[in-house]
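Undergrad: Quick one, structure for this:
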Amino acid sequence: MSLTVIHEINSKIYKDLPSLESQIALWQAEGKKVVFTNGCFDILHKGHVSYLAESAALGDKLIVALNTDGSVKRQNKSVNRPLQDEGSRAMVMAALGFVDAVVLFDEDTPLNLIIRLKPDILVKGADYTINQIVGAKEVIAGGGAVKTIPLIEGYSTTAIEKKILNQ
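TA: Sure, this is the predicted structure:
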């Protein structure tokens, strides 16, 4: 990979929140709709790519908030998770052409991040109802929308992990 490509990918990973807040404000001032979603995205698979592409299609700029390694561990997914460290997951996510910004969060939920970033559209998988989605009330109260996207059945990091471990 060329240094230019690596720099371009890394430039989409925001390590300081004020910089991302400024970027979002610029996008919104230009009339762009900012979409926000979050997750672990431990092993990127077809289900993730489909979900993220559909999320991106709902607006003009897609922000993906990734759980830090500590946050993933607290979710009790499995003793092995996360399978990839947060830096690797952030780089893979930022390499996707339809992802415009990646930010890590260490809390159990992205509520504080959603409140600070004020996205126009909040997206989660259809395995959640609107009233279960963290930040939905806040986004709606701010004039935004909350959407759910159907998941592709049979694709999950947990299923891939079990297959690899032959369980």
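
Undergrad: which residues of this protein fall in strands?
TA: Using DSSP state E, the strands of the chain run over residues 13-14, 34-39, 61-67, 101-105, 121-125, 145-149.

Undergrad: Which among those is found nearest to residue 133?
TA: Distance to residue 133, taken as Cβ to Cβ, is lowest for strand 121-125 among those, at 4.9 Å. Quick note: C-beta positions are derived from backbone N, CA and C, even for glycine.

Undergrad: ok, and what's touching the closest one?
TA: Strand 121-125 has contacts (Cβ atoms under 8 Å, 6 or more residues apart in numbering) with 33-38, 51, 55, 58-59, 114, 133, 135-136, 139, 144-151.

Undergrad: Let me know the angle separating it from strand 61-67.
TA: Relative orientation of strand 121-125 versus strand 61-67 (axes from the mean of the first three to the mean of the last three Cα atoms, to 10 degrees): 50 degrees.

Undergrad: Also compute the angle for strand 121-125 relative to strand 34-39, please.
TA: Using the same axes, to 10 degrees: strand 121-125 against strand 34-39 is 30 degrees.

Undergrad: Report the buried residues of stretch 110-117.
TA: Buried residues in stretch 110-117, counting neighbours by 16 or more other Cβ atoms under 10 Å, are found at 110, 113, 114, 117.
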